[in-house]
Each structure stands twice: as C-alpha cells, then as structure tokens.
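Visitor: Sharing a model that was predicted from the sequence below.
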Amino acid sequence: SLSLALAWWLGASRRRVRGIVARRPADGTGTALPALASAPAAELAEANRALQAEIDERKRIAEALKNSRALYHSLIEELPLHIWRADRQGRYTFANGHFCDCLGVMPEEVLGQTAADFFSPEMAARQAQGDQQVLETGDPIEAIEEHVTKDGRQRWMQTMKSPCYDARGHVLGVQGISWD
C-alpha cells in the first residue's frame with residue numbers, strides 16, 4: 001500500500017517529509033505508519049516522485065547487472081578458450097565449459113581438485129611449477145605445452161597464466177587461459 005511504501009521510503013532514505021509523522025496505536029501494538037491523512041497533497045506527491053525515482057534507479061541497476069552478466073557469460077563460455085582459476089594451493093575454483101570438455105568431466109567434478117587429479121604426474125608438476133612462479137613473482141607467464149587428453153589424443157596448447165586478485169588487491173591464486 002502507499003502508506004507502507006512511504007514508511008519504507010522515509011526509513012530507507014532517512015528523509016523526513018514535513019508534516020508526515022509516524023503514529024502507533026495507543027496500546028503500543030502494531031507498526032508505526034505515517035499519518036497520511038494530515039499530509040498536504042504536494043508533500044505526498046513529492047514523496048511519490050522520490051519513490052518512483054528510486055524504483056527507476058533500481059530497475060536501471062538491475063538491467064545493467066543483467067547486461068554485465070550476459071557479457072561475462074559470452075566472453076567466458078562462448079569463445080573457444082579454456083579458462084580456469086585455482087587458489088594458492090592449486091585447487092580449481094573456476095573452470096569454464098571448454099576447459100571441462102577438454103578434461104572430459106563435468107564442471108562440478110573440477111572444483112576443489114588439482115592438476116594432479118587430471119593430468120600425468122609430469123604435466124601436473126609443470127603446472128604446479130608455473131603456478132608457483134606466478135605466485136612468487138606476480139608476473140604472467142606463457143608456455144606452449146603438450147597435452148594428452150583422456151582419450152589419448154595429443155594436443156599442443158598455448159597457455160597464459162597470471163595472478164588473480166580480490167577487490168583489495170590481494171593475490172587469491174592463479175588464473176589461466178589456453179587454446180590449441
């Protein structure tokens with residue numbers, strides 16, 4: 001109802017419209033609602049305009065977020081690239097569909113696992129060595145590596161790795177991208 005929306009707006013925005021006061025029933029029960037009947041029409045109209053502006057802004061933000069997610073998904077899942085992230089201990093925290101397809105597993109089978117769970121001991125050791133170099137230096141690296149798939153096919157992959165950071169600039173682990 002309008003009175004609930006106005007009460008929310010007054011509380012959420014910490015604004016106070018002159019002439020609108022909160023009242024509780026005399027017995028102290030119930031929720032405080034504005035006394036709309038005593039408020040001048042111009043003040044109510046202003047409160048409604050402010051509410052509508054906030055609703056419009058929230059809709060704009062929601063649409064921008066939706067568009068950002070679509071762009072992210074398009075870049076990560078539609079380009080024919082293998083993309084992953086691993087924490088400082090080498091456990092995968094993200095893997096796109098192409099990376100999982102290359103490994104022959106479902107995405108949920110990758111998360112929490114390490115290169116040793118999917119690659120030969122030699123290749124897993126090279127992966128760990130490259131990850132450690134990135135973590136120690138903070139510099140990206142690039143390599144061309146032989147990769148043998150689970151079905152025995154030999155592929156040559158160009159791989160780039162770099163540190164991945166949190167919002168405060170702390171290194172979370174390593175992220176990589178590869179293609180053949």
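Guide: Right, received. Where do you want to start?
Visitor: residue boundaries of the helices in the protein?
Guide: Ranges of helices in the chain, per DSSP state H, are 2-13, 41-73, 97-103, 107-110, 121-137.
Visitor: which strands and helices sit next to the fourth one?
Guide: Right, the one you point to is helix 107-110. In terms of contacts (3 or more Cβ pairs under 8 Å, 6 or more residues apart in numbering; DSSP states H and E), helix 107-110 is packed against strand 92-95, helix 97-103. C-betas here are computed from N, CA, C, even on glycine.
Visitor: tell me which residues in it are buried?
Guide: For helix 107-110, burial by neighbour count (16 or more other Cβ atoms under 10 Å) applies to Val110.
Visitor: List of residues touching that helix?
Guide: Contacts to helix 107-110, defined as Cβ atoms under 8 Å, 6 or more residues apart in numbering, come from residues Trp84, Tyr92, Ala95, Gly97, Phe99, Cys100, Leu103, Phe118.
Visitor: Any of the residues you listed buried? List them.
Guide: Applying 16+ other Cβ under 10 Å to these flags Trp84, Tyr92, Ala95, Phe99, Cys100, Leu103, Phe118 as buried.
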